[in-house]
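# pasting the sequence and the predicted coordinates here, then a few questions.
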Amino acid sequence: ALVRVARALERERVRARAKTALELFTERELSTLEGALGARAMRRARTRGGATTTTDVVRDAFRARASGEDDDARVDAALTALGTLRRRARWLGETPTRATSERATEGVRVKVRARLMPDQTVPAIGRFAYAYEVEIANEGNDEAVQVVSREWRVRDESGFEETISGNGVVGEQPTLAKGETFRYASACVLKRERGSMSGKYTCVFQESRRIVDVVVAPFALTPRERDDVED
């Protein structure tokens, strides 16, 4: 089971364009893995660079453990490592692969593109700043549509999740006639290097007075995009 999960993580490493398997994990997870797999194996993983896969780390670690170690200790270490690898694989599997998204809801299309802002990012204090640009277009409605509120769901790779909501966008509640587009830029700050965002805009159709939640499809907050894989 441990090697199987490690292989799944290795596929994610390739998609993430990460140079080493260790780039997939948070500092806390690396500390947990070092306790389970041993400091020697983790040092080897760091020094071997691009040649190291997640499967390599796991196999090397258990080969290196002392032959005199009792079975219970080996099982405990394996279970600890397995839990950490599974959590990381689950998070990566649920995270969008692209720093862009696009979706239409009842004729209103939302496009988003995000990017890291290196000049406002300070990894040493856990600050990773991302800018995102949004386009909201009334493509298919003869009646005008007003954007009255927004709601964002922001997740980072540690599992922390935050919901941000408010009236309008950047201090406005734009009304879009058919064919019109509203564009704006904003930013968010994570405590971890990677994360994701998704959300919705609540819109009011000006003639029918219908209220529609226009979906913002999930997109990645990441220094580099992962290769998208079609189903």
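Nice, thanks for sending it over.
# just list the residues touching the closest residue in space to Phe25 that isn't next to it in sequence, thanks.
In this structure, Phe25 finds its nearest non-sequential neighbour in Arg88, 6.0 Å apart by CB to CB, 6 or more residues apart in numbering. C-betas here are computed from N, CA, C, even on glycine. Contacts for Arg88 (CB atoms under 8 Å, 6 or more residues apart in numbering) come out as Leu9, Leu24, Phe25, Glu29.
# cutoff 10 Å now
Taking CB atoms under 10 Å, 6 or more residues apart in numbering, we find Arg88 in contact with Val5, Ala8, Leu9, Glu12, Leu24, Phe25, Thr26, Glu29, Leu33, Thr54, Glu157.
# just these now: which is nearest Asp142?
Closest approach to Asp142 among these (CB to CB): Glu157, at 43.5 Å.
# residues near that closest one, how many?
22 (other CB atoms under 10 Å).
# please renumber the chain so that the first residue is 367 from this point on.
Happy to do that; since the first residue is 367 now, the last one works out to Glu523.
# which stretches of the chain form strands?
Applying DSSP state E to the chain gives strands spanning 466-471, 474-482, 494-504, 511-522, 527-533, 541-542, 547-556, 561-571, 577-587.
# go through the second one and flag the buried ones.
Under the neighbour-count criterion of 16 or more other CB atoms under 10 Å, strand 474-482 has Val474, Arg475, Val476, Lys477, Val478, Arg479, Ala480, Leu482 buried.
# let's have the residues you listed in CSV, adding pLDDT and distance to Thr446.
Output for the buried residues of strand 474-482, formatted as CSV (pLDDT from 0 to 100; distance: CB to CB, whole Å):
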residue, pLDDT, distance to Thr446
Val474, 97, 48
Arg475, 98, 46
Val476, 98, 42
Lys477, 98, 43
Val478, 98, 38
Arg479, 97, 39
Ala480, 96, 34
Leu482, 95, 32
